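Visitor: here is my input, please return the structure:
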Amino acid sequence: MDFTKISHGLTTIFKVRGSLDSESDEVLNLKMAILDELKSGNKKNIILNFEQVELIDVLSIAHLLECLRIVRKRGGDLKLVNPNTFVQQVLHEHSVSHFFEIYPTESQAMVSSRKVA
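Guide: Predicted coordinates for the structure are as follows:
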């Protein structure tokens with residue numbers, strides 16, 4: 001798994017590629033990058049573009065939920081973009097899909113983020 005980040009005002013978009021699984025330290029790297037963005041003080045919203053994410057495991061979901069909690073505590077939000085059917089199914093099977101706002105495109109997630117900001 002790897003990711004790139006793009007800043008847009010109060011929002012940072014992380015484009016994530018590969019597998020989000022507990023066998024890789026990359027999940028922790030993504031979590032730390034998200035938290036670093038929040039610590040910078042000028043970022044409020046996080047968008048995770050999962051268009052190229054192949055799979056996700058339970059531990060990775062736990063890390064995302066922790067990030068979501070911290071982002072919301074700071075008055076922002078964390079949104080998911082275009083997760084594949086498998087990722088959506090895993091989120092649903094573990095009863096956490098309702099915690100995340102999911103959008104088909106980055107632009108729709110950005111519009112929603114502006115309403116929060």
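Visitor: without its sequence neighbours, what residue ends up closest to Thr4?
Guide: Lys15 (5.0 Å; CB to CB, 6 or more residues apart in numbering). C-betas here are computed from N, CA, C, even on glycine.
Visitor: can you tell me the centre-most residue of the protein?
Guide: Leu48 (3.5 Å; CA atoms, centre = their mean).
Visitor: low-scoring stretches of the chain, by residue?
Guide: Residues of the chain meeting the criterion pLDDT under 70: 114-117.
Visitor: can you pull out the helices in it?
Guide: 26-39, 58-73, 85-93, 106-116 (DSSP state H).
Visitor: which positions within the last one qualify as buried?
Guide: In other words, helix 106-116. Neighbour-count burial for helix 106-116 flags 106, 109-110, 113 (criterion: 16 or more other CB atoms under 10 Å).
Visitor: and the longest one, by the same measure?
Guide: Residues 60-61, 63-64, 67-68, 70-71 are the ones in helix 58-73 that count as buried (16+ other CB under 10 Å).
Visitor: helices and strands around it, which ones?
Guide: Helix 58-73 sits against helix 26-39, strand 45-56, strand 78-81, with contacts defined as 3 or more CB pairs under 8 Å, 6 or more residues apart in numbering; DSSP states H and E.
Visitor: quick one, which of those is nearest to Gln89?
Guide: strand 45-56 (9.9 Å; CB to CB).
Visitor: if we can go back for a sec, same list (the helices of the chain) but as TSV, adding distance to Phe99.
Guide: Listed next are these as TSV, based on distance: least, CB to CB, whole Å:
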stretch	distance to Phe99
helix 26-39	15
helix 58-73	6
helix 85-93	8
helix 106-116	15
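Visitor: all good on my end, thank you.
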